[in-house]
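J.: No sequence on hand, only this structure:
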């Protein structure tokens, strides 16, 4: 069985107020050396065992592009784990 791990994050050109809030909280708690914090989303998708790796890559990319992200403000990357 194969699993896809999809990471979705805001594009670097998009402001990330949640990341800024997290950064501020970490700084207040005394964590040091933090330049920036950006938040994102993680999805784990379990694929049917009969699907080929090439078909799995194509399908996961399509799902990420069409459903999991807003292409105007977000980008994604994914990996397949067997």
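T.: Good, I have the coordinates. All figures in this text were calculated on a predicted structure; none of them were measured in a lab. Residues are numbered from 1 along each chain as shown.

J.: Just the strands from the chain, written as ranges.
T.: Per DSSP state E, the chain carries strands over the ranges 2-10, 40-47, 74-81.

J.: for the last one, packing partners?
T.: Same thing as strand 74-81. For strand 74-81, the helices and strands in contact under the criterion 3 or more Cβ pairs under 8 Å, 6 or more residues apart in numbering; DSSP states H and E are strand 2-10, helix 53-63. The C-beta positions use only the backbone N, C-alpha and C, and glycine is treated the same way.

J.: residues of that strand that come out buried?
T.: For strand 74-81, the neighbour count (16 or more other Cβ atoms under 10 Å) marks 74-76, 78 as buried.

J.: from those, which single one is nearest residue 16?
T.: Nearest to residue 16 among the buried residues of strand 74-81, counting by Cβ to Cβ, is residue 74 at 10.9 Å.

J.: separation between the closest one and residue 58?
T.: 20 Å (Cβ to Cβ, to the nearest Å).

J.: hmm, back to that, save the strands of the chain as a markdown table, and put in mean pLDDT and distance to residue 18 too.
T.: Output for these, formatted as a markdown table (pLDDT from 0 to 100; distance: least, Cβ to Cβ, whole Å):
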| stretch | mean pLDDT | distance to residue 18 |
| --- | --- | --- |
| strand 2-10 | 97 | 9 |
| strand 40-47 | 97 | 10 |
| strand 74-81 | 98 | 13 |
